[in-house]
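A.B. asks: what's the 3D shape of this:
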Amino acid sequence: MTRSPLRRLIFGALRRVLYLWVRSETINQSSLTLKLDRSRPVFYALPSPSLTDLAVIDHECTKAGLPRPVLPVVVGPLQEAAAFFYLTPDPDWLGRHDKRGAPPTLERLVSAITEHPEEDAQIIPVSVFWGQTPASESSPWKLLFADSWAVTGRLRRLLSILILGRKTRVQFSAPIHLRELVDHNKGHERTVRMAQRVMRVHFRNLKTAVIGPDISHRRNLVKGLIRDPLVRQAISEEAERENIPYAKAEAKALHYGNEIASDYTYTAIRFLEVVLSWFWNKIYDGIKVNHIEQVQGIAPGHEVIYVPCHRSHIDYLLLSYLLFRNGLTPPHIAAGINLNMPVIGSLLRRGGAFFMRRTFKGNPLYTAVFNEYLHTLFTKGFPVEYFVEGGRSRTGRMLQPRPGMLAITLRSFLRSSRTPIVFVPVYIGYERVLEGRTYLGELRGASKKKESIFDIFKVIGALRQRFGQVAVNFGEPIRLAGFLDQHQPEWRIQDLAPQYRPAWLNETTTRLGETVARHLNGAAAVNPVNLVAMALLSTSRMALDERALVRVLDLYMTLLRQVPYSAHTTLPEGDGHAMISHVLGMDLLAEQKDAMGRILYLDEGNAVLMTYYRNNVLHIFALPGLLASFFQSSSRISRELIGRYVTALYPYLQAELFLRWEPAELDQVIDQWLAALVEQGLLRFENGVYLRPAPSSRQFVLLTLLARTITQTLQRFYMATSLLLNSGQHSLSAEQLEELCVMMAQRLSILHGLNAPEFFDKTLFRHFIQTLVREGVLTPDADGKLGYHSKLGELAEGAAKRVLSAELRLSIRQVALHQEDQAHTVLAE
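C.D. replies: Got it, this is the predicted structure:
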């Protein structure tokens, strides 16, 4: 602003036009009035250049009777054309701000006051905020344009004025007396820098109070990534490998950093909170949160890594929302690069998402930048969230953990263990997932579609459905230092390689992933849909009359209360009748009435979909189901024999279902379950032997339904061993055996009408074979062909006689023989 009449005319016209729409008010004006010395010259410091902000401040000063910023002011011999300056200088032609320079007005003021000891000047830092504070704004549309810590352009400022201008607030900070700073006798340059620093603190504290803390680290972090020695080494190697200048390789690393890093903003978090509050109330009947108090207690002083199960695209939105609502800092979330789409990607990035490519293979520079970014988050104490399963579970089971992010975390901790890391498992249990229709198609055999954030919007057409409740259970935390002390006691004193890749890293990462998965399953939330699915899918025709279904549901609830799976597992409220009514209301259960009452059943579409919800809690019923299965072919079994068979089968059940008990704990858990089955009348105990009820009794029917919860898993085990034994020693590789198992399972599912798509899931067979190798039952030779223990046949057949019917065993053996006849032809192709 100068004394030019033309410029004053233009400014006055701008102010009049602006106030045709804008309505402003001053915050805490009384505190300024009390501290202001009217006898001394007044200058106003604005954080950054903005003519509209200046117009609003000039308007508010006029209203309050304060000196106007656009009028000339005199300080001793110095005469300034206007009483304001911008702390950040005007941008250059490319829009860049040089924050190192000092405002010329401030330079002149310090010089004048230094040369004239009798003079002083008051500098008032003043800020303009367009719109309400994000903490009180309830409109998600307006929150998108609310003030934030990010640098905004002219277009965004124009939109902010148009949308938020009628709630504009001005806040004046306490005056800064330049005389007090000059009297420190630090010299001209240091005094100017001191004044700048004081004003920056004023602006930051004020902005924090009004719009929330600056939780964005991106602007300062990305450039710092490429200064790390490991990244610089990767840049040098990239330049040499690709034969490009170092500067070009460095620019590529900077590009990777910008592609990866989140841009956390408080307004985006508030925007998501407002939108999601509406969304949860619109879609779901409620959200139940359990055991969050342990997280609130452990978060201070720890680097918290949230590791939720992954069932839906909204998992990460739900968790961030709940943490924010419960006073915990929302985490930075690992998201696939496919979600970095226009508009959506920007919103997710500002909500805390950082993006990662699906594979780092063949790109060591990207790997180095990504690893350094994660290491920076960990060491600075930012909470982080990632899914150990990698992708969403389409079957409802816990997927095998992916080692990538866990390995990066472990290596970062080995590099610097000053901030203790704690993993917090989070189980998210839905009564109906939003992507149910998509999963239904995939469960019926449709090819897996590429993940897209737009999957969320497909649910809009299904809003007429009831989605029930969501349960979010925080599981038992895993302290990484304690985990390493248990599995690698010498990790603290070992001389680690420069790249922090000790020889035991892969094995320990695998163990860590299994531990996280077991803790996740330990925090399972059992709901009515899970239990109804478990009961009906255990019947031959997926139907029960109402009284029988009530008995089964009440039995399940009684057993789970009597022998809790873990301290973090939660159960639904209500009895069998209430659960049936609830599931009927969600249209997941069909009914048919006759003179004798209601028959409840699963129609074709829901039968496949309900396998998903049964699989959510299959691990909870695995051990009691296994015990019940021993009595399907035997009327009496000793406790010793029960223990022997459970011990033989448990490693394979644990590997597939991530059961929580260690082998040493099995005896105690077996006794608890046997006692519960006896108390409920499903077994009898006489003379040291357990006896089953009469086959014609109601109790035997309930025992049979319990046994069938785990039957299909045991069938797969028997299929794999039958194929292996029929083929002979060192005849099949692991891959060939896996292919034969899948073909056999597909055939059996048709022959026996097994309505469970995961029955022939290739990965389940793969992990079973890997467990056999790990347990020493199978031994690959130099060519990768599998040899097996000489007693495998005897053990497999002995166990199968206990847990599978004679008809099913015969069918499996016949199909295995048929498959063996065709094996060479199929594998040759």
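
A.B. asks: May I have stretch 318-338 as CSV, with CA atoms only?
C.D. replies: Extracted in CSV, the C-alpha atoms of stretch 318-338 (Å, rounded to 0.1, in the frame of the first residue of the first chain):
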residue,chain,number,x,y,z
LEU,A,318,-14.0,-46.5,10.7
LEU,A,319,-10.9,-46.9,12.8
SER,A,320,-9.6,-43.3,12.3
TYR,A,321,-13.1,-42.0,13.1
LEU,A,322,-13.3,-43.9,16.3
LEU,A,323,-9.8,-43.0,17.5
PHE,A,324,-10.5,-39.3,16.8
ARG,A,325,-13.8,-39.5,18.7
ASN,A,326,-12.1,-41.1,21.6
GLY,A,327,-9.3,-38.6,22.0
LEU,A,328,-6.6,-40.5,20.2
THR,A,329,-4.5,-39.3,17.3
PRO,A,330,-5.7,-40.8,14.0
PRO,A,331,-3.0,-42.9,12.4
HIS,A,332,-1.1,-42.5,9.1
ILE,A,333,-2.6,-45.3,7.0
ALA,A,334,-0.9,-47.5,4.4
ALA,A,335,-3.1,-47.5,1.3
GLY,A,336,-2.6,-49.1,-2.1
ILE,A,337,-1.5,-46.8,-4.9
ASN,A,338,-4.7,-47.7,-6.8
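
A.B. asks: Number the chain from 48, please
C.D. replies: Sure thing, new numbering starts at 48, so read that last one as stretch 365-385.

A.B. asks: And the average pLDDT for that stretch is what?
C.D. replies: Per-residue pLDDT over stretch 365-385 has a mean of 87.

A.B. asks: Could you do stretch 413-424 as well?
C.D. replies: Mean predicted confidence for stretch 413-424 is 93.

A.B. asks: can you check stretch 678-687 too?
C.D. replies: 92.

A.B. asks: Kindly check the end-to-end length of it for me.
C.D. replies: 14 Å (Cα to Cα, to the nearest Å).

A.B. asks: Identify the residues contacting it?
C.D. replies: Residues from elsewhere that reach stretch 678-687 (Cβ atoms under 8 Å, 6 or more residues apart in numbering): 677, 721, 730, 735-739, 750-751, 754, 848-853. From N, CA and C alone the C-beta is placed, and that goes for glycine too.

A.B. asks: Write the PyMOL selection for whichever of these are buried.
C.D. replies: Command for PyMOL that selects the buried part of the contacts of stretch 678-687, burial taken from 16 or more other Cβ atoms under 10 Å:
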select buried, resi 677+721+730+737+738+739+750+751+754+849+850+851
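
A.B. asks: Okay, and which of the contacts of stretch 678-687 map to helices?
C.D. replies: 721, 750-751, 754, 848-850, 853 (DSSP state H).

A.B. asks: what two of those are the furthest from one another?
C.D. replies: Across these, no pair lies farther apart than Leu721 and Ala853, at 25.1 Å, counting by Cβ to Cβ.

A.B. asks: show me where the stretch 48-197 of the chain has strands.
C.D. replies: Remark: strands assigned in the stretch 48-197 of the chain by DSSP state E, counting those that start in this stretch are 71-74, 89-93, 120-122, 125-127, 131-133, 169-177.

A.B. asks: Adding distance to Ser283, mean neighbour count and mean pLDDT, write those out as TSV.
C.D. replies: Formatted as TSV, those follow (distance: least, Cβ to Cβ, whole Å; neighbours: other Cβ atoms under 10 Å; pLDDT from 0 to 100):
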stretch	distance to Ser283	mean neighbour count	mean pLDDT
strand 71-74	52	17	80
strand 89-93	44	23	93
strand 120-122	54	17	91
strand 125-127	52	16	90
strand 131-133	41	23	93
strand 169-177	45	24	88
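
A.B. asks: Reformat these as CSV; add distance to Gly644.
C.D. replies: CSV is the format used below for those (distance: least, Cβ to Cβ, whole Å):
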stretch, distance to Gly644
strand 71-74, 68
strand 89-93, 78
strand 120-122, 91
strand 125-127, 92
strand 131-133, 80
strand 169-177, 65
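
A.B. asks: where in the stretch 498-647 of the chain is pLDDT low?
C.D. replies: Counting by pLDDT under 70, the ranges of the stretch 498-647 of the chain that qualify are 498-511, 541-546.

A.B. asks: What segments of it are helices?
C.D. replies: Listed in chain order, the helices of the stretch 498-647 of the chain (DSSP state H, counting those that start in this stretch) span 527-534, 552-569, 575-583, 593-609, 623-632.

A.B. asks: nearest to Ile797, of those helices?
C.D. replies: Comparing the helices of the stretch 498-647 of the chain by Cβ to Cβ, helix 575-583 comes nearest, at 21.2 Å.

A.B. asks: Against which helices or strands is that closest one packed?
C.D. replies: When contacts are defined as 3 or more Cβ pairs under 8 Å, 6 or more residues apart in numbering; DSSP states H and E, helix 575-583 packs onto strand 590-592, helix 593-609, helix 623-632, helix 651-663.

A.B. asks: and of those, who's closest to Leu394?
C.D. replies: Among the helices and strands packed on helix 575-583, if distance is taken as Cβ to Cβ, the winner is helix 651-663, at 29.1 Å.

A.B. asks: quick check: mean pLDDT across the closest one?
C.D. replies: For helix 651-663, the mean confidence score works out to 89.

A.B. asks: buried residues in the strand or helix carrying Glu419?
C.D. replies: Per DSSP states H and E, Glu419 falls inside helix 411-427. For helix 411-427, the neighbour count (16+ other Cβ under 10 Å) marks 412-426 as buried.
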